[in-house]
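Asks: any chance you can model this:
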Amino acid sequence: MHKNSLQSIPIMKKRPSLKALLVPVVLGLGLALAGTARATVLPVPVLPSSYNADVIVEQGVPCLDTNTTGTVDGGTNNTGNTWFEIGYSTGGPGGGGAGVPHAGSLLTNVTDLANSVANPHIYQLAPSWTAPNGVMIDSGVLRTQAVCTISPGGPFTSLSFLVSSGNGGGTMNVKIYHADGSTETNTVTAGDWFNGPNPAFSARGRINVVSGGFDTQGSITTTGDGYGNPRWYSRDITLTHTTSAITNITLSYGTGGGNVHNQVFAISGSSGGSWTACTMTGYTDDFVVESNGVVSGPLLAVAGPDAGTNATTQSMDSDVNTGNSWYEQNFYAFHEYVKSGLPHAGGFLTNTTGDHIYQMAPSYEVSNAFYLNPSNLVDTVTLANPTNFLVLSFLNSSGNGPVPIDVAINHVDGTQENFSFNSLDWFNGGSSTVLGVSGRVDVGAASFNNVPVPYAAGQAPFVYANDIVLNDTNSFVTNIVFTYANTNFTGRTAIFAISGTQSITPPIIVQAPANTNVWPTNVPPATGSSTAAGLSAQISGFAPITYQWQVQNADGSWSNVKNGVNADGSSYSGATTANLTLSSPTTPGSLNYQIIASNTGGSATSTPPAVITILSPLPDIPNPGDAISIFNGSAPGNEDVTHAIDDLVGSDPGKYLNFGLNGGQPFLGPVGFTVPGPTAGTGNPVYSIIKAIRVYTANDTPGRDPADIELYGSINAGSTWTLISSNSLALSDNRNANASAPLDPINNVLQQVVLSNTNGYFSYRVEITHVKDDAGDNSMQVGEVELLGVVTNPPSPTITGLSNLVAYAGTNGIAYAATVGANGFTINSLQWQVQSNGQYVNLSDNANVSGSTTATLTLNNVPFGENLAGPSLPTMFNLQLVLTSNAGSVTSAPVTLTVISAATILTGPSDTIADFGNTPTPNNAATTPANAFDTTYATYISSGVGPSAPAGFAPFEGPTGLFDAPAISSNTVVTGVRFFTGTTAVIDDPADYTLEGSLNTGTNGPYTLISSGALSLPADRNTAGGAALVDPLSGFMQEVDFLNSTPYASYRITFHNVVNDASANELGLGELQLIGHLGGGTLSITVGTGANAGTITITSTQNGELQVNTNLLTDNWVNVTSVTAGTPITITPAPGVPVAFYRVVGQ
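Replies: Residues are numbered from 1 along each chain as shown. Purely as a prediction, here's the structure:
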């Protein structure tokens, strides 16, 4: 058969996997939707009853393509003539006995039989004619070689091949593999299936697999040798390896014409006697039409509602369901031809520009087109979802066209629009083409037509698109009526699908979400169990509609709600649906929500915002029966102020009404109520902290609802009031309008205000200044006001503002000023105390003490050095303030007064200074001995003398120290030393000291011990370094005082240890001060008569401290005042003191 560009060709018998072969021309559902960003004409769903004809043959319907996979004439092209089984048909010239033997038969060579050969050739035929049953060897790339096996495999001395060939015959190369590993080769000639000599068998008939017709030429039954045609032949080869069994046989193409198709149907073996019919494997193709194969005739469905009947109810070529029509992709299940045909049922088809998408009928087993012909003039198509359109488009094609079609568009409002279009012939082509399906099928003969060979996509027949632009784009389309308008009454039209461009408007919020209340998850069980809140919106509009819930932020902006768990443990679900759920809320408060509904026409936002109130689980502090009084205005008797806290809501007596300050319209506030002693259900007034307010609507007009609320608190029975919170209100217009009933926070209409209050009070006042409609209403009304909070103990009065002080001996005006917080209580007394002998005793005012019973204590002429028998710390007094009120007594934390010596600082940067025991290291390279006496906090560092000192490593070892010859005088008396911390670590502070004096100014002594002992410097550091001058009153230091009256010219201070020798690698000091006075003769005092009667004077020869003692048997010397050499001090002896002893301690 010649391969023309368009021709009738048969159909492949065995269908490969649909999944493997389906390569659709159109987009599948997912791909279509994902890739239609620019598609504006989309499928319009219709009711299935609108389809009135089945014009598409579904895949799976048996036809001539199910009979064979290869032919003698066409090879793997499966065209032309081939074999058929006995009983397939009686229509051929050979009659009912024509055809090859039944599958699985043993075939004996007819020529051998005719010649009475002693050992005739015998062959075992393939077990089935519906599966591959022969081996094809030709020059095509698909069948140049094949591998076969036989059983039994011998050993044999000869093999015989049952062969045939089309288009002239040819040779095949044979390679035989033996069990012992040996091989041998040979050649087999396959004669043409017509008229070859000595046939093994003649079928006396052949069938055209394309047309289904039998060959009727005379040679089929009449030949010179009497056997007829077509024929099989026996071809023998002699084996050289006769002792080893055969494992497999390879057949390959030898010689012959370009369209020769050699075939092997069976193999037999012989060992010198009779032939053994071997079972064969390795068949490549099905060449034989089985006896019950499809014959030329109408296509019959095998599944679905039309099973056993014609696969179509109408065709495109005739009005009686004959001739050509459409078929589904993969119906022609042969190589690339699976791509031919219309898209699968329910599949999508996109035009070349991508702006039109169509969807095929949901099933090809039932009616699948809106079909019009001379006997079926009208079809009404009903839309599944009426909607409005800008454009409608019809996917269609006609046989024997073109055919004019009238279109009536019927709207829901009863109007109609009329249009018409020409449905082109399915072979016309042109610009309106959507798809060329490259093939059609004769539904009356079961054969294909117009399938391009080789296959090419996009060829005839064609389907087309025709668009109409509607005038009425607002009214919904309900149905479309198609009318056959060809006055010649020729041609048939199939409309496969309708698509359109909707005139889409934004969604409509039919019902906005309503406010709702919910308990938090930590609510006590007795309060309620509803810990999930739901918001629902009713929305209509054009699908698809997307939803997004939003929650309002503190700044008024909105954020999208997201499904999942929030930071506070609550969670959302349904954030992108019409129904939002908030589960497990934990924090009381109110959240505003809105929903945005969107489609391609725009979006709509719900308004007003819906409020989810997460109810506070705290108790209501005012209880029914608690004392309450009206604040301003007046109230009717049945709606008096007691109903503001009666735990009832609804109609009378469930509300509180107040006519305002002017007794009528317009309303004038503020009004409200006062609860002087709420009990929180305890029966006694309590101290409480209000954390939230809940305001319930009443049953009357919304204009009377409060528009604001202020809450005040008092801790002194209303003598003074403190504003706790001031808030605007936006109560819902919904009413608590039922009969008076107990509060039900979950279901009542309310607004809750959460407060950030942390202060407690005994009494409360609620004030409302405005209502929703001041001008239009004459009163304020509430169903209930709950003040929610916690009962706690009232705070005690407080004493703050005190700190430790340091002062020089003899200083006046040292003040401790306490800040006293009454916290609503009455302060009865204040008393300063000083610690004495381990106990605190009351101070009283005297010459040196004032304010001992006030918040501010002032001390003058502070004493110093009561006991200087050995090295001692400065004098330290511990003080405290005791406050007594009606809530009890409160004592402040102790504070200290440290009195340091007022002696002269004898050292300074002009002194002669040196150090010793200081190994030079990188640690101390930046410091000099002068740093110790430079009047700044520049730190002096010594690395000591230990073996690790040169490397700068721990441990520290002494002794190390400093020499100082004061520049102020070579005759000084030292009575104390001050050690200031530096910038080094605490472990580097000196832990001991030894002070020695010398009459010489050099460093060689000799030295006399003045004082020694342990040190414990404060942990605080003087971090300013050289940037700050040393101040004994504010700097961190330790002062050591001792008795000494011997003057010296120079001094040596030695340190043996630091705080932590093992870890430290250095000693550090911020400053060192030697304090005392200048030497200059013997210290003496003189006593004289004072200028006033009853007074005496005391004059000292040196600076010092005047002390007094009333009993020389004790060492209880008390500082009186500091003295200056040569300046008299006047003393007034105290009455009742018989004797007093005075002395001056020199500095």
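Asks: was I right to think residue 1015 contacts residue 979?
Replies: Yes. Between residue 1015 and residue 979 a contact is recorded at 6.2 Å, counting by C-beta atoms under 8 Å. Using the backbone N, CA and C atoms, a C-beta is placed for each residue, glycine as well.
Asks: give me the common contacts of the two.
Replies: 990, 993, 1038, 1040 (C-beta atoms under 8 Å, 6 or more residues apart in numbering).
Asks: which of these has the largest number of neighbours?
Replies: Neighbour counts for the shared contacts of residue 1015 and residue 979 (other C-beta atoms under 10 Å) peak at residue 990, which has 25 neighbours.
Asks: how close does the residue nearest to it when sequence neighbours are not counted get to residue 991?
Replies: Nearest non-adjacent residue to residue 990, counting by C-beta to C-beta, 6 or more residues apart in numbering: residue 1055, 4.3 Å away. Counting by C-beta to C-beta, to the nearest Å, the gap from residue 1055 to residue 991 is 8 Å.
Asks: now swap in residue 581 and tell me
Replies: In terms of C-beta to C-beta, residue 581 sits 70 Å off from residue 991.
Asks: the more surrounded of those two?
Replies: Using other C-beta under 10 Å, the more surrounded residue of residue 581 and residue 991 is residue 991, with 19 against 16.
Asks: what pLDDT does that one get?
Replies: Confidence at residue 991, expressed as pLDDT, is 97.
Asks: who touches the closest residue to residue 564 other than its chain neighbours in this structure?
Replies: Nearest residue to residue 564, sequence neighbours excluded (C-beta to C-beta, 6+ apart): residue 571, at 6.3 Å. Contact partners of residue 571, counting by C-beta under 8 Å, 6+ apart, are 563-565, 582-584.
Asks: try it again at 7 Å.
Replies: 564-565, 583-584 (C-beta atoms under 7 Å, 6 or more residues apart in numbering).
Asks: now residue 635
Replies: 641, 656-658.
Asks: switch the residues you listed over to a markdown table; also include pLDDT, secondary structure and neighbour count.
Replies: Formatted as a markdown table, the contacts of residue 635 follow (pLDDT from 0 to 100; DSSP: H, G, I helix; E, B strand; the rest coil; neighbours: other C-beta atoms under 10 Å):
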| residue | pLDDT | secondary structure | neighbour count |
| --- | --- | --- | --- |
| 641 | 95 | helix | 22 |
| 656 | 94 | strand | 26 |
| 657 | 94 | strand | 24 |
| 658 | 95 | strand | 29 |
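Asks: ok, which pair from those residues is furthest apart?
Replies: By the measure C-beta to C-beta, 641 and 657 form the most distant pair in these, at 9.4 Å.
Asks: confidence score at residue 8?
Replies: Looking at residue 8, the pLDDT reads 29.
Asks: now the one 10 residues further on
Replies: Turning to residue 18, the model gives it a pLDDT of 27.
Asks: one more: residue 528?
Replies: In this model, residue 528 is scored at 50, pLDDT.
Asks: circling back: any idea which of the contacts of residue 571 is closest to residue 394?
Replies: So of those, ranked by how close each gets to residue 394 (C-beta to C-beta), first place is residue 564, at 47.1 Å.
Asks: where does the stretch 951-1100 of the chain have low pLDDT?
Replies: Low-confidence regions of the stretch 951-1100 of the chain, defined by pLDDT under 70, span residues 1080-1084.
Asks: so residue 703, which of the three states?
Replies: Secondary structure state of residue 703, per DSSP: H, G, I helix; E, B strand; the rest coil, is helix.
Asks: not counting its neighbours along the chain, what's nearest it?
Replies: Closest to residue 703 by C-beta to C-beta, 6+ apart is residue 773, at 3.3 Å.
Asks: tally of neighbours for the one you found?
Replies: Count around residue 773 with other C-beta under 10 Å applied: 17.
Asks: pull out the buried members of the contacts of residue 571.
Replies: 583-584 (16 or more other C-beta atoms under 10 Å).
Asks: the helices in the stretch 151-300 of the chain, which residues?
Replies: Taking DSSP state H, counting those that start in this stretch as the criterion, the stretch 151-300 of the chain carries no helices.
Asks: actually the chain, sorry about that
Replies: 18-21, 29-34, 110-114 (DSSP state H).
Asks: right, and the pair among the contacts of residue 571 with maximum separation?
Replies: Using C-beta to C-beta, the contacts of residue 571 span at most 12.2 Å, a distance reached by 564 and 584.
Asks: re earlier: higher neighbour count, residue 1015 and residue 979?
Replies: residue 979 (24 against 17).
Asks: please tell me how far the more buried one sits from residue 817.
Replies: On the measure of C-beta to C-beta, residue 979 and residue 817 end up 31 Å apart.
Asks: equivalent analysis for residue 150, please.
Replies: Distance from residue 150 to residue 817, by C-beta to C-beta: 122 Å.
Asks: the two: who's more crowded?
Replies: For residue 150 and residue 817, the more surrounded residue by other C-beta under 10 Å is residue 150, and the numbers stand at 25 against 13.
Asks: how about the more buried one: which residues does it bridge to?
Replies: residue 280 (DSSP bridges).
Asks: so how far is residue 273 from it?
Replies: With C-beta to C-beta as the criterion, residue 150 and residue 273 are 18 Å apart.
Asks: chain neighbours aside, what residue packs nearest to residue 738?
Replies: In space, and not counting its chain neighbours, residue 738 is closest to residue 650: 4.9 Å by C-beta to C-beta, 6+ apart.
Asks: report pLDDT for that neighbour.
Replies: pLDDT, read off for residue 650, is 82.
Asks: need the contact list for it.
Replies: Contacts of residue 650 (C-beta under 7 Å, 6+ apart): 699, 736-741, 783.
Asks: at 10 Å what do you get?
Replies: By C-beta atoms under 10 Å, 6 or more residues apart in numbering, the contact list for residue 650 reads 696, 698-699, 735-743, 748, 783-784.
Asks: ok, residue 1136 - how many residues close by?
Replies: Residues near residue 1136, counting by other C-beta under 10 Å: 5.
Asks: quick revisit: just the shared contacts of residue 1015 and residue 979 now: which is nearest residue 1011?
Replies: The closest of the shared contacts of residue 1015 and residue 979, once distances to residue 1011 are taken by C-beta to C-beta, is residue 1040, at 7.0 Å.
Asks: relative to residue 960, how far out is that closest one?
Replies: Separation of residue 1040 from residue 960 (C-beta to C-beta): 18 Å.
Asks: with residue 310 instead?
Replies: To residue 960, residue 310 is 121 Å away according to C-beta to C-beta.
Asks: who has more neighbours, those two?
Replies: Set side by side, residue 310 and residue 960 show more neighbours around residue 960, with 25 against 19, by other C-beta under 10 Å.
Asks: ok, back up a step: who does the residue nearest to residue 564 bridge with?
Replies: On the basis of DSSP bridges, residue 571 is bridged to residue 565, residue 583.
Asks: can you check residue 477 too?
Replies: Beta bridges link residue 477 to residue 387, residue 411, judged by DSSP bridges.
Asks: residue 417 is in contact with that one, correct?
Replies: Yes. Counting by C-beta atoms under 10 Å, residue 417 is a contact partner of residue 477 at 9.0 Å.
Asks: what residues are shared contacts of the two?
Replies: 392, 409-411, 470.
Asks: break the chain into its domains for me.
Replies: Per the record, the chain has its domains at 36-46+55-64+297-502, 68-289, 508-614, 629-786, 798-896, 904-1078, 1085-1146, by automatic domain parsing.
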